[in-house]
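J.: here is a sequence with its predicted model. Questions after.
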Amino acid sequence: MSALKFRPLRFGVTRAVLREGSPGVRYLRADQALKDYPARITDRLQHWAQAAPDRSFMARREKRADGTTGDWRHLSYAQAWAAARCIAQGLLDRGLSAERPVVILSENGLEHAQLALGCLVAGVPFVPVSPPYSLASQDYDKLRHVLKTVTPGLVFAADAKRYAGAIQATVAPGVEVVLAAGQIEGRASTPFAELAATPATAAVDRAMQATGPDTIVKFLFTSGSTKMPKAVINTQRMWCANQQQMAQSMPVLQDEALVLVDWLPWNHTFGGNHNFGMVLFHGGTLYIDDGKPTPALIHETLRNLREIAPTVYFNVPTGFEAIAQAMQTDAQLRRRLLSRVKMFFYAGAALAQPVWDSLYESQEKEIGERIVMVTGLGMTESAPFAIFVTSPDVKSGDLGVPTPGMELKLVDMQGKTEVRYKGPNVSPGYWRAPQDTAQAFDEEGFFCTGDAVKWIDGADIHRGLMFDGRIAEDFKLATGTFVSVGPLRAKIVAAGAPYVQDAVLTGINLKEVGALVFPTPAVRALAGLPPDAPWRQVLDSAPVLAHFQAVLDQLARCATGSASCVARLHLMHEPPSFDKGEVTDKGSINQRAVLTQRAALVEALHGDAAQPTLKPRAR
């Protein structure tokens, strides 16, 4: 493949400043200061409602009765501002507060957005909850935990029919329920339209002016691994500072009218803070994508991208993998998606190099240049944007340098370097969890991320950092050798692309490293069996086993020792369980939860009882 030029993209931070601390400690920051930012993000909503009242703030396709989607329904900035003020009045009338916030159970939607904006104006925190807690869970344990933690005064759901079971099972009788569509039998509720029609008074303006940097805007729950999710406090300061940090690190956000086509869930910081906030901050337009990077829903994402051309595009690696595959044969998708996009951005996991190469190939074919693929590092507790790359020369695992206003503390520990955060975008802690909050910060007030990093180029700090796994995920073999889980897992995914969704490494205190591999549906094409063949039969077929044997042999040839050699591999017949915490909203695998829930399988794998178990052939 020829190395062609990139479509122009400016990087706001290209240099960093490093200072030494006590032994084993260094501090890293950007070489530019953070500029002024608003005291409240609602100031930006009010600004755009006055400066561009007719501009579309958000759009979503109409839902038909048969479950399909129709034409786009738009919400202008003027409409969003007016609705937010009316809803804010309704919330003030109910006396809601941080002690009795608004819980939102539904997926991304126009009513969800308007309710969130109303909360912002009124100064009432809202709690967007992962929809699978209501729709995919069988026991509702996590939803009960969320409601017990935040004690809501109002619970919203867009669709009574879909959310009735969860509401009936978990929401206390005295808590008001607001529904955008339908009713729940035996449960009193308020129509969303009625709440949104509350006449606004001067009390709304006073309430908004009373909010400021320390006002809590929302509680975002962590995904939870071995413990129940924690409620991360998100303040106005965090959100506004982080949006300014993003603007300085990514000048492209200000170069032209921003257009996003986005499915990322608003209960997660990537979709709900990063992207929702970005559009609001810059007066852009967000087209809500009801698709997802799953076999059942990716068609909707591709449909939207054939119609709406984003100026920047965000997704997780599985989403880019599906898009890369589709672009190979879909000329309309290539033409529309690549017509004006200036930047691709992935987060959530490592992007396999074959996917990267496929994207570049389609871009060169269609437009004669490449779109820069960028990434970084962040988390719910950092609002989330924290570290960002400094040039188009990016490879999988690169992170870059801290965004302006943030300082990183690099601490040597357990043979690795943990990165810790301090800055105006960092959360003050966890709601109603003082012990968890105290444990999360070190003696200097830096948030302990648990992420390990290393230099991209030890001779050039301005290249920044690269990801080196999660310290809590790494483990020792019986020989005392450390296994670095993140990098090795990324190698397995890359070597097995596009047939590996994810891999969980095994071998804690044992002699060898093993891998539990979750295959993608694409392996059906390898098996040569009928489309309706049972999944177990597909994975046990000779062609599939031969392919993964070749992957294992390739990994073994590249291994440099026992800690980097996958000595046994098992293809997972059962998908990861949401209820058991094995998979997150974005589809990424929770390593620790899988190891805990599948302990018997891990024991069988290393005792040669797991079938089929593949081992590398002699190197």
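T.: Received it, and whenever you're ready, just let me know what you need.
J.: rest of the way, CA atoms for contacts and neighbours
T.: Will do.
J.: any idea which residue sits dead centre in the chain?
T.: Nearest to the centroid of the C-alpha atoms of the chain, with distances taken as CA atoms, centre = their mean, sits Phe270, at 4.4 Å.
J.: now for that residue: which residues touch it?
T.: 264, 384 (CA atoms under 8 Å, 6 or more residues apart in numbering).
J.: if you set the cut-off to 10 Å instead, what comes out?
T.: 264, 276-277, 314-316, 347-348, 378-380, 383-385, 586 (CA atoms under 10 Å, 6 or more residues apart in numbering).
J.: mind checking the backbone torsions on it?
T.: With angles defined as degrees, to the nearest 10, Phe270 sits at phi -60, psi -50.
J.: returning to what we had before: just the contacts of Phe270: which are in helices?
T.: When those are checked against helices using DSSP state H, the ones located there are 276-277.
J.: quick one: least confident of the contacts of Phe270?
T.: Within the set of the contacts of Phe270, pLDDT is lowest for Lys586 (57).
J.: and the nearest residue to Gly21 once chain neighbours are set aside, how many neighbours does it have?
T.: Spatial nearest neighbour of Gly21, excluding adjacent residues (CA to CA, 6 or more residues apart in numbering): Tyr27 at 7.0 Å. By the criterion of other CA atoms under 10 Å, Tyr27 has 16 neighbours.
J.: am I right that Tyr27 sits in a helix?
T.: No. The assignment for Tyr27 (DSSP: H, G, I helix; E, B strand; the rest coil) gives strand, which keeps it out of a helix.
J.: beta partners of it?
T.: In this entry, Tyr27 is beta-bridged to Arg19, Lys409, by DSSP bridges.
J.: contacting residues for it?
T.: Listed by CA under 10 Å, 6+ apart, the contact partners of Tyr27 are 17-21, 407-411, 419-420.
J.: let me know the closest of those residues to Val171.
T.: Set against Val171, the nearest of the contacts of Tyr27 by CA to CA is Arg420 (37.5 Å).
J.: re the thing from before, out of the contacts of Phe270, which end up buried?
T.: Buried members of the contacts of Phe270, scored by 16 or more other CA atoms under 10 Å, are 264, 276-277, 314-316, 347-348, 378-380, 383-385, 586.
J.: filter those residues down to the ones in strands?
T.: Among these, the residues falling in strands (DSSP state E) are 314-315, 378, 385.
J.: out of the contacts of Phe270, which one sits closest to Val513?
T.: Ranked by distance to Val513 (CA to CA), the contacts of Phe270 are led by Gly348 at 24.1 Å.
J.: leaving out sequence neighbours, find the closest residue to that closest one.
T.: In space, Gly348 is closest to Val316, 5.9 Å off (CA to CA, 6+ apart).
J.: wait, the one you found sits on Met373?
T.: No. Counting by CA atoms under 10 Å, Val316 does not reach Met373; the two are 11.9 Å apart.
J.: now the common contact residues for those two.
T.: Counting by CA under 10 Å, 6+ apart, the contacts common to Val316 and Met373 are 345-346.
J.: how about Thr215, phi and psi?
T.: Dihedral angles (degrees, to the nearest 10) for Thr215: phi -70, psi 130.
J.: could you verify my assumption that it touches Leu120?
T.: Yes. The pair Thr215 / Leu120 is scored as a contact, 9.4 Å apart, by CA under 10 Å.
J.: which one's more surrounded, these two?
T.: When Thr215 and Leu120 are compared for neighbours, Leu120 comes out ahead with 26 against 21, by other CA under 10 Å.
J.: OK, contacts around that one?
T.: Applying CA under 10 Å, 6+ apart, we find Leu120 in contact with 40-42, 84-85, 88, 114, 126, 207-208, 211, 215-218, 236.
J.: now, of the residues you listed, which are buried?
T.: Neighbour counting over these (16+ other CA under 10 Å) leaves 40-42, 84-85, 88, 114, 126, 207-208, 211, 215-218, 236 as the buried ones.
J.: narrow those to those in strands?
T.: Short answer: the buried ones among the contacts of Leu120 in strands (DSSP E) are 126, 216-218.
J.: what residues of stretch 443-450 count as buried?
T.: Buried positions in stretch 443-450, judged by neighbour count with 16+ other CA under 10 Å: 446-450.
J.: how about stretch 164-182?
T.: Neighbour-count burial for stretch 164-182 flags 164, 166-167, 170-171, 176-180 (criterion: 16+ other CA under 10 Å).
J.: report the distance from it to the chain centre.
T.: Computed by CA atoms, centre = their mean, to the nearest Å, the chain-centroid distance of stretch 164-182 equals 27 Å.
J.: now do stretch 85-93
T.: With CA atoms, centre = their mean, you get 30 Å for stretch 85-93.
J.: any residues touching that stretch, and which ones?
T.: Here stretch 85-93 has contacts from 81-84, 94-97, 101-102, 114-124, 153-154, 192-205, 207-208, using CA under 10 Å, 6+ apart.
J.: picking that back up, so which of the buried ones among the contacts of Phe270 comes closest to Pro616?
T.: Nearest to Pro616 among the buried ones among the contacts of Phe270, with distances taken as CA to CA, is Gly348, at 29.6 Å.
J.: do you know the pLDDT at the residue nearest to Gly21?
T.: Predicted confidence (pLDDT) for Tyr27: 98.
J.: again, but for Asp585
T.: 60.
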